[in-house]
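In: Following is a predicted model, sequence given first.
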Amino acid sequence: MPLPKLHFDYFWFMNKTHTLTVDEHYYDELMFSFGKPSRISHGDGYIALSDNGGATFYYYLKDHLGNVRSVILPDANNQPIVSQANDYFPFGMSFESTLPNPGIRANYNKLKYNGKEEQEMPGKWLDYGARFYDAQIGRFSF
């Protein structure tokens, strides 16, 4: 079976110790982290895959602009649990939100403002494909 056309690799290293901090490979909706399948994305959220073969379903609650406002998952009784809540300043910079249960943040969602992925680098830029968006100053950079 040939690999899908869309393929991204992200490697991030720390400067002084050269320690690998993020090793992510994207094959369309499937994400590999450190060589193992870890996440399957879909239009309404994602499925987090664990090492033992289990799967946890996370769902996005978006506003009218496509911003991910909350990430919820069902508990054992199919009641929603809020695992992440996002609030934004006018140009897209997020600020800390209070969660009713702060210990539930085990699987962190990177999709934020306008549904774009927040990069794990200084400044937390948003990946718009060809350019990065710095929400702290409201400008694009290369």
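Out: Alright, I've got the coordinates.
In: strands paired with the helix or strand hosting residue 82, and their directions?
Out: In this structure, residue 82 sits in strand 80-85 according to DSSP states H and E. Using DSSP bridges, strand 80-85 pairs in its sheet with strand 68-74 (antiparallel).
In: Only alpha carbons, please: show the strand it pairs with as CSV.
Out: The C-alpha atoms that make up strand 68-74 are tabulated as CSV, following Å, rounded to 0.1, in the frame of the first residue of the first chain:
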residue,chain,number,x,y,z
VAL,A,68,-11.5,25.2,19.0
ARG,A,69,-13.1,26.4,22.2
SER,A,70,-13.4,23.2,24.1
VAL,A,71,-12.2,19.6,23.9
ILE,A,72,-14.5,17.1,25.5
LEU,A,73,-14.5,13.3,26.0
PRO,A,74,-17.1,10.9,27.4
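In: Give the buried residues for it.
Out: 68, 69, 70, 71, 72, 73 (16 or more other C-beta atoms under 10 Å). To be clear about C-beta, it is placed using only N, CA and C from the backbone, and glycine gets the same treatment.
In: Quick check: what element follows the strand holding residue 82 along the chain?
Out: strand 87-88.
In: what does that next one contact?
Out: Residues from elsewhere that reach strand 87-88 (C-beta atoms under 8 Å, 6 or more residues apart in numbering): 67, 69, 94, 95, 97, 112, 113.
In: Give me the sheet partners of it and which way each runs.
Out: Counting by DSSP bridges, strand 87-88 is paired with strand 94-95 (antiparallel).
In: hmm, who's touching the strand it pairs with?
Out: Counting by C-beta under 8 Å, 6+ apart, 86, 87, 88, 89, 112, 113, 135 sit against strand 94-95.
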